[in-house]
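Colleague: My questions are about this predicted structure, shown below with the sequence.
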Amino acid sequence: MSSPTTPSAATAPGDAAPEPFGARLRRAMDTRGPLCVGLDPHASLLTAWGLADDPAGLERFAMTVVEALADRVAVLKPQSAFFERFGSRGVAVLERAVAAAREAGALVLMDAKRGDIGSTMAAYAATYLDRDAPLFSDAVTVSPFLGFGSLRPALAAARAAGSGVFVLALTSNPEGAEVQRAVTPDGRQVAQVILDHIAEENAGADPLGPVGAVVGATLAEAGVDLRVGGPLLAPGVGAQGATPEDLPALFGPALANALPSVSRDVLRHGPDPAALRNAAVAYADRVRAAVAGAGKATGNPLR
Ligand SMILES: O=C(O)c1cc(=O)[nH]c(=O)n1[C@@H]1O[C@H](COP(=O)(O)O)[C@@H](O)[C@H]1O
């Protein structure tokens, strides 16, 4: 995570077709380190940073994080709710933060967790995955609990734009299990059904498909097959108790595609940009070491 690079550029010079998200993400993870930092402007963090809990404080917070980290972390993940709570002025800050982060070379994963019937999903897709939309992002989180098929408009829009979609599968919160671990009539867990759909979407993609899964780093065990051919966003590192060292046991043969995500445990180091950077670099280094250590232990290069 040392050398500032520009993996977010979706279109290669002289090439009209956008470069697929999976290729851009793989490059970003390899060059910058496999880490996502969440941009979650909690009211308590604004206060701790000496900022007012208002749109001006929000803008200062968001831009400080973007300026400190977007030229070196692989992925920045703004959590939309923390911006939406300020209404249109908060959404305007989100637009500026997304544009500035992409400009600085980070891939922006919009954490919006959208999910609805297909025709409404198409509007969400237009919001985040249309290249001309004010909130256009490199990827967006979506919820499959109205049925995986309801996500089709987002999956199609992502492919067309060279963007990605991260589908909730096994979330980091303990309450998720009652739905996600439920067993379907064919004997699979709901989470496995979702993961199987994702794998189908990514079939044949190299190095990574555009459809990721969200798998909480807090889980004691996976209990499902995580080899979906796409990235595995792993929130829950830091404030929710998971560590980079937990990742090899949880992800097993899918470890190379894991993208751990940390929000509060990096953000609490602000507003000093150097302290924010050091916290992110330390996490990226620990993830790299955990992945490399697992590769040595198994004789598998985990690539
Ligand atoms: O999709 C997510 O990012 C997500 C999925 C999940 O299972 N658990 C989870 O915590 N998240 C998000 O990841 C972030 C975690 O923040 P911290 O606990 O502060 O690191 C929040 O923005 C959550 O909304």
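Modeller: Yep, it's here.
Colleague: which bits of the stretch 1-150 of the chain sit near the ligand?
Modeller: Residues of the stretch 1-150 of the chain found near the ligand (Cβ under 6 Å from any ligand atom) are 38, 40, 79, 111, 141. Quick note: C-beta positions are derived from backbone N, CA and C, even for glycine.
Colleague: taking those residues one by one, which sit in strands?
Modeller: Counting by DSSP state E, those place 38, 111, 141 in strands.
Colleague: Could you tell me which of the residues you listed count as buried?
Modeller: Neighbour counting with 16 or more other Cβ atoms under 10 Å marks 38, 111, 141 as buried within these.
Colleague: what bridges to V211?
Modeller: Beta-bridge partners recorded for V211 (DSSP bridges): V165.
Colleague: I'd like to check which residues are in contact with it.
Modeller: Counting by Cβ atoms under 8 Å, 6 or more residues apart in numbering, V211 touches 155, 158, 164-167, 198, 201-202, 228, 230.
Colleague: What separation is there between it and P231?
Modeller: From V211 over to P231 the distance is 9 Å, taken as Cβ to Cβ, to the nearest Å.
Colleague: The stretch 151-300 of the chain: strands as residue ranges?
Modeller: Remark: strands assigned in the stretch 151-300 of the chain by DSSP state E, counting those that start in this stretch are 164-170, 211-215, 232-235, 258-262.
Colleague: Generate JSON lines for those, with mean pLDDT as supplementary columns.
Modeller: As requested, the strands of the stretch 151-300 of the chain are exported to JSON lines (pLDDT from 0 to 100):
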{"stretch": "strand 164-170", "mean pLDDT": "98"}
{"stretch": "strand 211-215", "mean pLDDT": "98"}
{"stretch": "strand 232-235", "mean pLDDT": "98"}
{"stretch": "strand 258-262", "mean pLDDT": "98"}
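Colleague: how about those in TSV, adding distance to L25?
Modeller: Formatted as TSV, the strands of the stretch 151-300 of the chain follow (distance: least, Cβ to Cβ, whole Å):
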stretch	distance to L25
strand 164-170	7
strand 211-215	8
strand 232-235	10
strand 258-262	8
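Colleague: Number of residues surrounding L259?
Modeller: 26 (other Cβ atoms under 10 Å).
Colleague: Relative to Q240, how far out is it?
Modeller: According to Cβ to Cβ, L259 stands 16 Å off from Q240.
Colleague: what's the answer for G252, then?
Modeller: Taken as Cβ to Cβ, the span from G252 to Q240 is 21 Å.
Colleague: on that earlier part again, in terms of distance to G90, which of the buried ones among the ones in strands among the residues of the stretch 1-150 of the chain next to the ligand ranks first?
Modeller: Nearest to G90 out of those is D111 (Cβ to Cβ; 14.4 Å).
Colleague: need the residues of the stretch 151-300 of the chain near the ligand, please.
Modeller: Applying Cβ under 6 Å from any ligand atom, we find that the stretch 151-300 of the chain lies next to the ligand at 171-172, 214, 216, 235-236, 238-240, 261-264.
Colleague: now those as JSON lines including neighbour count?
Modeller: Formatted as JSON lines, these follow (neighbours: other Cβ atoms under 10 Å):
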{"residue": "T171", "neighbour count": "21"}
{"residue": "S172", "neighbour count": "19"}
{"residue": "V214", "neighbour count": "27"}
{"residue": "G216", "neighbour count": "23"}
{"residue": "P235", "neighbour count": "27"}
{"residue": "G236", "neighbour count": "23"}
{"residue": "G238", "neighbour count": "22"}
{"residue": "A239", "neighbour count": "16"}
{"residue": "Q240", "neighbour count": "17"}
{"residue": "S261", "neighbour count": "26"}
{"residue": "V262", "neighbour count": "28"}
{"residue": "S263", "neighbour count": "26"}
{"residue": "R264", "neighbour count": "14"}
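Colleague: need the contacts of V211 in TSV with neighbour count, can you?
Modeller: Shown next, in TSV, are those (neighbours: other Cβ under 10 Å):
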residue	neighbour count
L155	23
A158	25
G164	30
V165	28
F166	27
V167	25
I198	26
E201	22
N202	21
V228	28
G230	27
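Colleague: Relative to the ligand, which of those residues is nearest.
Modeller: Checking the contacts of V211 against the ligand with Cβ to the nearest ligand atom, the nearest one is F166 at 6.7 Å.
Colleague: quick one: the closest residue to the closest one other than its chain neighbours from L58, how far?
Modeller: Once flanking residues are discounted, F166 sits nearest to G212: 4.1 Å by Cβ to Cβ, 6 or more residues apart in numbering. Counting by Cβ to Cβ, the gap from G212 to L58 is 27 Å.
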